[in-house]
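In: With the input below, show me the fold.
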Amino acid sequence: MKIKRPFTIGIGGSHSSIGKTTLAAALIRYLSSGHTSRLFGPKPRIGAIKYTKEAIYASLIDDAEILKKKGKDTARLGEAGAKQVLWIKSVAEDLGEVMPLALQRLTELDAVIIEGNSAIEFAKPDIVIFITGGPDADTKPSAERLKGLADIIITAGAEAGNHAGTCIIKELPEKVQDEELEVIIKVMEETAKKKEIISLLNQRAVDGKITCGAARKIAEELNVSYNEVGTAATDLKIKIRNCELGCF
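Out: Residues are numbered from 1 along each chain as shown. Take a look at the predicted model:
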């Protein structure tokens, strides 16, 4: 039996103070307050992992007194409605020890937001959101790689670039409007759906081919149209053979 795990969302950025915690808290508050998403259903239980680079040793902090201290990013995430917040402090090289422990503690939740560039690269979340100041904004060299992996790029108060999943938030890092969150969540849903289709096509295709019946089954399992599966197969150069009904 397939083990259910939380849907993971990574939020990284071009530099510190770009608005990562602001966006994370806004998403938690919005989704926890009853706004329905196909990814999580109504009022999902959301957790959060905050990563801070630490030069000395690795630690996983779950002490409520520390996490709820006024002014800390972890307190903002909890106040937004996160059911559980964990704070990882470590050098990037030690994330292999502490990140699996953190994720294991949150397996009963519906979704987990992971904040921090290095943590995202290690955890490989289902959706990666990258925040930048715009096409001409300075990006730390260490963040360029993560930007290339992003499913959604948020341009904070600037014109959008050419990335297919680009959204604009006018007032980051101060606040995020509900209508901006609606756009982000819609892009997340569409991206997650495409990834599921691609994953199943790659799993079930043999030598670059898949039967019409198997392709239809993917569409029915994921509750998507035959056309969406057909388009993804074309993009992957997977040939759908023995099509009985002209679905593809």
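
In: so K53 sits right up against I88, yeah?
Out: No - under the criterion of Cβ atoms under 8 Å, K53 makes no contact with I88, lying 9.8 Å away. Any C-beta I mention is one placed from the backbone N, CA and C, and that applies to glycine too.

In: which of the two has more neighbours?
Out: It is I88, of K53 and I88, that has more neighbours when counted by other Cβ atoms under 10 Å, with 26 against 15.

In: Moving C-terminal from the least confident helix or strand in the chain by mean pLDDT, which element do we reach first?
Out: Least confident helix or strand of the chain, by mean pLDDT, DSSP states H and E, is strand 166-169 with a mean of 67. Going down the chain from strand 166-169, the next helix or strand is helix 178-204, by DSSP states H and E.

In: Show me what counts as buried in that next one.
Out: Buried residues in helix 178-204, defined by neighbour count with 16 or more other Cβ atoms under 10 Å: 180-181, 184-185, 187-188, 191-194, 196-198, 200-201.

In: Which neighbouring elements make contact with that helix?
Out: When contacts are defined as 3 or more Cβ pairs under 8 Å, 6 or more residues apart in numbering; DSSP states H and E, helix 178-204 packs onto helix 20-32, strand 127-132, strand 152-156, strand 166-169, helix 212-222, helix 226-235.

In: Kindly recompute the last result at 10 Å.
Out: strand 7-13, helix 20-32, strand 127-132, strand 152-156, strand 166-169, strand 209-211, helix 212-222, helix 226-235 (3 or more Cβ pairs under 10 Å, 6 or more residues apart in numbering; DSSP states H and E).

In: if we can go back for a sec, from the buried residues of helix 178-204, pick the one nearest L222.
Out: Nearest to L222 among the buried residues of helix 178-204: E196, at 5.6 Å, using Cβ to Cβ.

In: Excluding covalently adjacent residues, which one is nearest to that closest one?
Out: Leaving out its chain neighbours, the residue that sits closest to E196 by Cβ to Cβ, 6 or more residues apart in numbering is L222, at 5.6 Å.

In: So which bits of stretch 120-140 are buried?
Out: For stretch 120-140, a neighbour-count test (16+ other Cβ under 10 Å) marks 120-123, 125-133, 139 as buried.

In: For it, what does the pLDDT average out to?
Out: Averaged over stretch 120-140, pLDDT sits at 83.
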